[in-house]
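>>> sequence and predicted structure, then a few things I'm wondering about:
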Amino acid sequence: MSDFRTKLETFENQFPERDYRIEIVCPEFTSVCPKTGQPDFATITFTYIPHKLCVELKSLKLYLQSYRNEGIFYENITNVILDDMTAVLSPRWLKIVAAFTARGGITETVTAEFASAM
């Protein structure tokens, strides 16, 4: 569990009986490479099918900004965010795609998914 999880706020899903997808694109994610201390930049896309709760967008923005000075690898941050969002929302399904910008001529995209056993 990340210390930042408590920043995530939710609101009640008005259509919990319906499977519909929500897509949130966050093009300004930043963190720090734990090896070099250099900044990392990514576009993080959340796609989820809510169950009883939806994420409140301002709290998601503040949550993501919490990682700005954190030294963390791409794979780790993607999976930590998935764990945090899953714990807070208990969605039917959630996919996170973290597309990191080029550094040293290399890009990386990490995709992590959660599917409920409902």
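Right, received. Where do you want to start?

>>> residues contacting the residue nearest the centre of the chain?
Nearest to the geometric centre of the chain sits Ile81, at 4.3 Å (C-alpha atoms, centre = their mean). Contacts of Ile81 were listed using C-beta atoms under 8 Å, 6 or more residues apart in numbering, and they are Ile44, Leu64, Ile96, Ala98, Ala112. Where C-beta positions appear, they are placed from N, C-alpha and C, glycine not excepted.

>>> what are the buried residues along the longest helix anywhere in the chain?
If you go by DSSP state H, the chain has its longest helix at helix 74-89. Under the neighbour-count criterion of 16 or more other C-beta atoms under 10 Å, helix 74-89 has Tyr74, Ile77, Thr78, Val80, Ile81, Leu82, Asp84, Met85, Thr86, Val88, Leu89 buried.

>>> between these, which sits nearest Glu23?
Met85 (13.4 Å; C-beta to C-beta).

>>> check contacts around the closest one.
Leu8, Phe46, Tyr48, Val55, Pro91, Leu94, Ile96.

>>> Phe4: which of the buried residues of helix 74-89 is nearest?
Among those, and counting by C-beta to C-beta, the member closest to Phe4 is Asp84, at 7.1 Å.
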